[in-house]
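Prediction below, plus the sequence it came from.
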Amino acid sequence: MTLADRLAENRLEILGGFHATPDDGLPNGTQTLLLLGPAEPGFWPHITAQPEWSDGQPDPIDRWSRRVIGRIACDLGAKALFPFGGPPYHPFYRWALRSGRVWESPVRLLVHRSQGLMVSFRGALALRQAVDLPPPAAKPCDSCTAKPCLIACPPAALTAAGYDVPACHAFLDTAAGSPCLTGGCVTRRACPVSQGYARLADQSAYHMRRFHGVAEHP
């Protein structure tokens, strides 16, 4: 079974990768880093059917990620790295920019060539082999003339100046913020590439409520 097959059966995919240099902060011996994230459609039904989702313990998605990606890494003789579990935290933002498949968007959030502003990472594989990687892709923002992400945020918490987190939380506490809590960040959804990505509103709502501190454990 290929790596792509192993990932697909767990509703994961390679979102990008790069060949390591000494400045990347990777484990000794790493030749290639592969960034992994949800594959749609199907990720949310898959994850909510896993034992971690219903065992009553905290952080079910992170624990599932450790189990699944950790097992794949062991089978490959690789090292599994995760964007959670710190501090300190691995520099996934910087690693993503190295991939040629993810860029900084006009609102400073990461944007992926096919997932748009909905991109998220569940982990990475630090391989001891130098594997072939696709050439860099074209940044979708370069051909996006309207750039709706710049004006989509109702409280103007997400702009070209960056992310005003307190303003976002304050807005989510109001009735007007309900669409963001129940359907996901309006700015992320405004991205034309995001609109073509089959992420379910239930998944976005779960993560928004977690971010805002009101998510109940499943």
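Thanks, I have it. A quick note: this is a predicted structure, and the numbers were derived from the prediction, not measured.

What residues does P140 make contact with?
V111, R113, G116, P192, V193 (Cβ atoms under 8 Å, 6 or more residues apart in numbering). Backbone N, C-alpha and C define where each C-beta goes, glycine included.

Please determine how far it is located from G29.
P140 sits at a distance of 34 Å from G29 (criterion: Cβ to Cβ, to the nearest Å).

Show me the longest helix that occurs in the chain.
helix 60-76 (DSSP state H).

Report the distance from whichever helix or strand comes after that helix to the chain centre.
Reading on from helix 60-76 to the C-terminus, the next helix or strand found by DSSP states H and E is strand 79-81. Its chain's average C-alpha position is 16 Å from that of strand 79-81, according to Cα atoms, centre = their mean, to the nearest Å.

packing partners for the helix or strand that strand 79-81 is followed by?
Next helix or strand after strand 79-81 toward the C-terminus (DSSP H and E): helix 92-98. If you count contacts as 3 or more Cβ pairs under 8 Å, 6 or more residues apart in numbering; DSSP states H and E, helix 92-98 packs onto strand 12-19, strand 32-38, strand 102-104, strand 110-112.

got the contact list for helix 92-98?
Counting by Cβ under 8 Å, 6+ apart, 15-16, 18, 24, 33, 35, 83, 102-104, 110, 119, 121, 124 sit against helix 92-98.

Just give the nearest non-adjacent residue to P135, would you?
G100 (7.2 Å; Cβ to Cβ, 6 or more residues apart in numbering).

before we move on, what about P91?
Nearest one to P91, counting by Cβ to Cβ, 6+ apart, is G25 at 6.3 Å.

Counting neighbours, what do you get for the one you found?
14 (other Cβ atoms under 10 Å).

Could I get the pLDDT score of it?
With respect to pLDDT, G25 scores 89.

My guess is it contacts L81. True?
No: counting by Cβ atoms under 8 Å, G25 does not reach L81; the two are 9.8 Å apart.
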